[in-house]
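1. Below is the structure, and that's it, no one-letter string:
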């Protein structure tokens, strides 16, 4: 599955929040960092499942221009 979310947090805060969120799950549903960079994170669950996250900064004026072009 792929999910997209818009937030006011900077990329580093998103990665930090994700690590904390997945580490605090019920033990058999927890996932822990396996690889990471400044704007991405790969977590591995105890059952071998993989969760990959990536962040990017979107300029609001660019976003409006793209939406307008799609109309």
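-> Thanks, I have the structure now. Nothing here was measured: the structure is a model prediction, and the numbers come from that model.
2. Okay, buried residues for whichever strand or helix holds residue 14 please.
-> Assigned by DSSP states H and E, residue 14 falls within helix 11-23. Using 16 or more other C-beta atoms under 10 Å as the test for burial, helix 11-23 gives 11, 14, 15, 18, 19, 22. Where C-beta positions appear, they are placed from N, C-alpha and C, glycine not excepted.
3. ditto for stretch 54-61
-> Buried residues in stretch 54-61, counting neighbours by 16+ other C-beta under 10 Å, are found at residue 55.
4. repeat for stretch 28-39
-> Under 16+ other C-beta under 10 Å, the buried positions of stretch 28-39 are residue 31.
5. Could I get the average pLDDT for it?
-> Stretch 28-39 carries an average pLDDT of 91.
6. do the same with stretch 49-66
-> pLDDT averaged over stretch 49-66 gives 76.
7. related to what we said a few turns ago, would you mind listing the outside residues contacting the helix holding residue 14?
-> Residues outside helix 11-23 that contact it (C-beta atoms under 8 Å, 6 or more residues apart in numbering): 7, 9, 30-33, 36, 38-41, 43, 51, 53, 55-57.
8. if we go to 7 Å?
-> 7, 30-33, 36, 38-39, 41, 43, 51, 53, 55, 57 (C-beta atoms under 7 Å, 6 or more residues apart in numbering).
9. Which ones among those lie within strands?
-> Among the contacts of helix 11-23, the members found in strands (DSSP state E) are 31, 32, 33, 36, 41, 43, 51, 53.
10. Surely the third one touches residue 44?
-> So the one you mean is residue 33. No. Applying C-beta atoms under 7 Å, one finds residue 33 not in contact with residue 44, separated by 8.1 Å.
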